[in-house]
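In: need a 3D model of the following:
(one chain, ligands or ions: 2)
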Amino acid sequence: MQIDAAVASPRARSGFDQFSVEQIEVRTVRLRLNEPFETSFGSIDSRLIFLVSLMGEGLTGWGEVVAAEEPRYSYETVGTARHVIRDYLAPAILARPLTDLEDLHARFAPFRGHNMAKAGLELAYMDLLAQTRGESLSQLIGGTRPAIAVGVSLGIQPTLEKLLRRVDQYLALGYQRIKLKIKPGWDIDVVREVRQRHPNILLSVDANSAYRLEDLPHLQALDEFDLLMIEQPLDHDDLVDHAKVQSALRTPICLDESITSARRARQALDLGSCQIINIKIGRVGGYSEALAIHDLCYAKGIPVWCGGMLESGIGRAHNIALASLPGFTLPGDISASSRYFARDVIVPPVTVSASGIVDVPQAPGLGFAVDLDYLNANTENVERIKVKNFTA
Ligand code: OSB
Ligand code: MG
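Out: Numbers count the residues shown, from 1 in each chain. Ligands and ions are numbered 1, 2, ... in the order given. Have a look, this model is predicted:
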């Protein structure tokens with residue numbers, strides 16, 4: 001497959017956008033979830049949203065750090081991200097004007113890990129860059145779709161009846177793919193029931209690392225349900241055992257947690273660890289790595305889709321832009337604002353059409369307004385980091 005020029009060119013257009021960031025704001029905002037979200041590693045009923053904004057030249061760019069409060073999905077937490085941003089990443093940005101995304105990426109490279117912290121700042125920077133160029137985020141990164149197909153990720157439910165009702169409800173709302181969270185004891189029987197009731201839907205499962213290599217025969221039992229994919233069955237950092245499982249399964253494996261960089265994506269594909277990749281900008285450390293993974297997979301004909309982290313509308317707006325790239329051929333975990341929160345932090349909220357489509361905004365930057373009054377009313381903590389002794 002050939003990479004078309006539309007993908008490669010906007011990112012090559014760099015080097016003439018000198019930008020001085022004068023202040024960085026980090027803020028946590030608690031939003032209640034409409035219903036608890038349960039995965040194989042636990043249940044949460046609210047989200048402590050971590051927002052970052054970069055200010056300079058009269059503009060504000062917004063990003064979101066998707067880390068959770070506890071180190072379960074990832075070792076990062078809201079606390080570690082705040083520390084790493086305050087003490088290392090923000091000073092690297094404030095040191096001198098930024099030239100482009102590559103420059104930002106290179107300033108973060110000496111600091112190991114902490115991808116979600118880095119990504120939050122890359123998001124905010126790209127919002128700024130898009131605004132200075134008068135482009136939408138989608139345009140800025142070379143997006144080609146005016147609208148994207150979306151699915152919903154359904155947490156583990158207290159009863160099978162409740163799950164079946166949720167599935168029916170989201171199908172009625174138009175969602176194009178249903179993803180079920182699974183774990184030992186909530187898997188084969190549950191998937192069988194959903195599949196029997198809906199023989200033709202796009203159905204996938206996500207184990208969030210709940211199985212071991214020894215569970216292979218158990219995972220093979222999922223092969224009969226014609227699943228679109230099994231997401232991250234084994235350990236969060238594993239590639240080798242996933243390759244063994246993939247070679248023994250008909251169902252494609254999709255990796256989420258294990259893909260933390262473009263290098264890891266290449267290794268996973270070389271090893272045969274998966275046939276599909278879920279790209280989350282936060283998990284991979286920002287737009288630069290997300291774009292590189294997209295380009296790699298697009299060149300190899302490997303489908304990708306945009307994962308979600310129960311983001312607020314700010315992270316969601318970035319996800320929508322990412323999912324407008326040509327390689328995002330499967331519905332993403334990008335649901336309507338109302339699927340998560342009674343009220344979102346952006347205006348208008350994200351809405352999903354009756355055919356399971358989200359429009360990609362065309363206005364400059366995020367394409368949504370940030371509801372500062374609502375943010376301020378729900379902010380738990382806000383800190384401003386300013387340039388010290390800055391001489392341009
Ligand atoms: O594994 O994809 C995951 C949410 C939090 C952490 C990990 C995951 C998820 C989801 C929800 O599946 C996706 C969403 O709707 O944001
Ligand atoms: Mg996942």
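
In: can you pull the buried residues of stretch 208-221?
Out: For stretch 208-221, burial by neighbour count (16 or more other C-beta atoms under 10 Å) applies to 208, 209, 210, 211, 215, 216, 219. Placement of C-beta: from N, CA and C, glycine included.

In: need the contact partners of it.
Out: Outside of stretch 208-221, the residues within contact range by C-beta atoms under 8 Å, 6 or more residues apart in numbering are 39-41, 73, 181-184, 187-188, 230-236, 241, 244-245, 248-249, 256-257.

In: farthest pair in the buried residues of stretch 208-221?
Out: 208 and 216 (17.8 Å; C-beta to C-beta).

In: residues in contact with the residue most central in space within the chain?
Out: Against the mean C-alpha coordinate of the chain, by C-alpha atoms, centre = their mean, the closest residue is residue 280 at 3.2 Å. Residues near residue 280 by C-beta under 8 Å, 6+ apart: 66, 256, 290, 306, 307, 308, 309.

In: about what we covered before: any chance of the buried residues of stretch 208-221 in a markdown table, with pLDDT, secondary structure and distance to ligand 1 too?
Out: Formatted as a markdown table, the buried residues of stretch 208-221 follow (pLDDT from 0 to 100; DSSP: H, G, I helix; E, B strand; the rest coil; distance: C-beta to the nearest ligand atom, whole Å):
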| residue | pLDDT | secondary structure | distance to ligand 1 |
| --- | --- | --- | --- |
| 208 | 97 | coil | 5 |
| 209 | 97 | coil | 9 |
| 210 | 97 | coil | 11 |
| 211 | 98 | coil | 14 |
| 215 | 98 | helix | 18 |
| 216 | 98 | helix | 21 |
| 219 | 98 | helix | 17 |
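
In: and which of those is nearest residue 48?
Out: Distances from residue 48 to these, taken by C-beta to C-beta, are shortest for residue 208, at 19.5 Å.

In: not counting sequence-adjacent ones, nearest residue to that closest one?
Out: residue 40 (4.6 Å; C-beta to C-beta, 6 or more residues apart in numbering).

In: got the contact list for the one you found?
Out: So, once contact is read as C-beta under 8 Å, 6+ apart, residue 40 ends up touching 156, 181, 182, 183, 207, 208, 209, 210.

In: next, count neighbours for the third one.
Out: The local packing of residue 182 (other C-beta atoms under 10 Å) involves 25 other residues.

In: bridging residues for the residue nearest to it when sequence neighbours are not counted?
Out: Nearest residue to residue 182 in three dimensions, chain neighbours excluded: residue 205, at 4.7 Å (C-beta to C-beta, 6+ apart). Beta-bridge pairing of residue 205 under DSSP bridges involves residue 180, residue 230.

In: what's the first-to-last distance across stretch 171-179?
Out: Taking C-alpha to C-alpha, to the nearest Å as the measure, stretch 171-179 stretches 11 Å from start to finish.

In: before we move on, what about stretch 362-378?
Out: Note: stretch 362-378 ends 29 Å apart using C-alpha to C-alpha.

In: next one: it to chain centre, how far?
Out: 19 Å (C-alpha atoms, centre = their mean, to the nearest Å).

In: before we move on, what about stretch 132-140?
Out: 20 Å.

In: just stretch 352-370 next, same as before
Out: On C-alpha atoms, centre = their mean, the centre of stretch 352-370 falls 16 Å from that of its chain.

In: in it, what counts as buried?
Out: So stretch 352-370, judged by 16+ other C-beta under 10 Å, has buried residues 352, 356-361, 364-368, 370.

In: do the same with stretch 112-125
Out: 114, 115, 116, 117, 118, 119, 120, 121, 122, 123, 124, 125.

In: show me the contacts for the closest residue to the second one other than its chain neighbours.
Out: The spatial neighbour of residue 115 that comes closest, neighbours along the chain excluded (C-beta to C-beta, 6+ apart), is residue 285 at 3.6 Å. Contacts for residue 285 were tallied using C-beta under 8 Å, 6+ apart; they are 108, 115, 116, 118, 119, 122, 260, 261.

In: where does the protein dip in pLDDT?
Out: 1-16, 388-392 (pLDDT under 70).

In: ok, the residue nearest to residue 182 - how many residues close by?
Out: Neighbours around residue 205, by other C-beta under 10 Å: 26.

In: thought it was touching residue 180?
Out: Yes. Using C-beta atoms under 8 Å, residue 205 is in contact with residue 180, at 5.1 Å.

In: returning to what we had before: and which of the buried residues of stretch 352-370 is nearest to residue 326?
Out: Residue 326 lies nearest to residue 360 out of the buried residues of stretch 352-370, by C-beta to C-beta, at 12.6 Å.

In: tell me how many other residues crowd the closest residue to ligand 2 within the stretch 151-300 of the chain.
Out: Residue nearest to ligand 2 within the stretch 151-300 of the chain: residue 256 (3.6 Å; C-beta to the ion). By the criterion of other C-beta under 10 Å, residue 256 has 21 neighbours.

In: before I go, just wanted to say thanks for your time.
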